[in-house]
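Peer 1: sequence unknown, structure follows:
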């Protein structure tokens, strides 16, 4: 494993890190096995944005006796209410669930205290009014938080926070789909005299490129999320490029962006950990993502695609929106709905037919997914 400096923090982080999101639904044994394999492979950074109690407890147990060997990213503003994840700017909730994080992880400090999920200018203003930033700064003064970070999917809000000078680490969504599809891109402009082509790498969204350059100049380290675009980049049939990339290629793309120190890969099995860390022994030919992108016959923007990130929650009727979307995507992938998909959908506590079409989830979705339409489609397809 190779290690990189995380901006100006003084921390040395593994190029391949571990994102905890996909461990939320796994049992304690699986959580331990994944964390154990990650640490054996040299991974030393773990992001835990999830507020669900059991996964926090299981991760704490997996780290018992070796917590100091893992750099933890813990989030302020992620809460668990009525059995669901939600984002909150309520100061008391922020404190309560951050203290719960420390208790369940059995630690008295967190290496990176992340202000959770700020994607808009109004969201940034809400943060500044909430007192959560001052709370994080107070904890840093006490040594409970070593460094303060921000998680975001959008360059404008992230840039403002970096320019304001308090961000030491930025957790940002980095992959070629997001970088190469600036808002307003006309797909017809991608058609040249030789027929459909992929997007040239020089067409990176200027706002995203400027953000990466600003972080590099300011000494703000970037840890990445959505490196595989929730797995859609790994399959030709779901990739917006019309061609599949490998985990190694996706990781290499992220690590070649300015200021990026570590790619945080969501893993739910030992094999997925090994697939990610294979990056460290891959040759240059295996890392070459440019040839895939430049020869892709079709490019479509990422907006409107569910990334299963759960930022749409909470739902007033307790729908697990990401799981419903995932079941719908799996069902639509073939000519017939696999029986296993129907069974998994039926086992959900709540179903798409219960959707109120209130639109609250859509207002929170960083990828502008038409959730209500997809819930109606799922209800019709699955019959409930």
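Peer 2: Arrived safely, thanks for sending. Every value quoted in this text rests on a predicted model; they were computed, and no experiment measured them.
Peer 1: Which stretches in the stretch 251-384 of the chain count as helices?
Peer 2: Secondary structure of the stretch 251-384 of the chain by DSSP state H, counting those that start in this stretch: the helices cover 270-277, 284-287, 290-295, 321-332, 339-346, 360-364, 371-382.
Peer 1: okay, those helices in JSON lines with distance to residue 153, mean neighbour count and mean pLDDT next?
Peer 2: Every C-beta, even on glycine, is put in place using the N, C-alpha and C of the backbone. Putting the helices of the stretch 251-384 of the chain into JSON lines (distance: least, Cβ to Cβ, whole Å; neighbours: other Cβ atoms under 10 Å; pLDDT from 0 to 100) gives the following:
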{"stretch": "helix 270-277", "distance to residue 153": "21", "mean neighbour count": "19", "mean pLDDT": "98"}
{"stretch": "helix 284-287", "distance to residue 153": "25", "mean neighbour count": "11", "mean pLDDT": "91"}
{"stretch": "helix 290-295", "distance to residue 153": "21", "mean neighbour count": "16", "mean pLDDT": "72"}
{"stretch": "helix 321-332", "distance to residue 153": "15", "mean neighbour count": "20", "mean pLDDT": "86"}
{"stretch": "helix 339-346", "distance to residue 153": "27", "mean neighbour count": "14", "mean pLDDT": "86"}
{"stretch": "helix 360-364", "distance to residue 153": "11", "mean neighbour count": "16", "mean pLDDT": "91"}
{"stretch": "helix 371-382", "distance to residue 153": "16", "mean neighbour count": "18", "mean pLDDT": "96"}
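Peer 1: Out of these, which is closest to residue 110?
Peer 2: Residue 110 lies closest to helix 270-277 among those, at 22.5 Å (Cβ to Cβ).
Peer 1: The closest one - contacts with which helices or strands?
Peer 2: strand 16-19, helix 28-40, helix 247-255, strand 260-266 (3 or more Cβ pairs under 8 Å, 6 or more residues apart in numbering; DSSP states H and E).
Peer 1: that older thread, so which of the helices of the stretch 251-384 of the chain comes closest to residue 165?
Peer 2: The nearest among these, by Cβ to Cβ, is helix 360-364 at 27.6 Å.
Peer 1: where in the protein is pLDDT low?
Peer 2: 181-203, 294-303 (pLDDT under 70).
Peer 1: So which residues of it form strands?
Peer 2: For the chain, the strands defined by DSSP state E occupy 3-5, 12-14, 16-19, 45-48, 71-76, 78-81, 84-87, 110-115, 145-152, 169-173, 191-192, 195-196, 221-225, 260-266.
Peer 1: Distance check, residue 209 against residue 150.
Peer 2: 19 Å (Cβ to Cβ, to the nearest Å).
Peer 1: er, residue 270 actually
Peer 2: Taken as Cβ to Cβ, the span from residue 270 to residue 150 is 31 Å.
Peer 1: coming back round to it: residue 32: which of the helices of the stretch 251-384 of the chain is closest?
Peer 2: helix 270-277 (10.5 Å).
Peer 1: Give me the distance between the closest one and the centre of its chain.
Peer 2: What separates the centre of helix 270-277 from the centre of its chain is 17 Å, taken as Cα atoms, centre = their mean, to the nearest Å.
Peer 1: Contacts for that helix, please.
Peer 2: With Cβ atoms under 8 Å, 6 or more residues apart in numbering as the test, helix 270-277 has contacts from 1, 16, 18, 33-34, 37-38, 41-43, 247, 251, 263, 265, 267.
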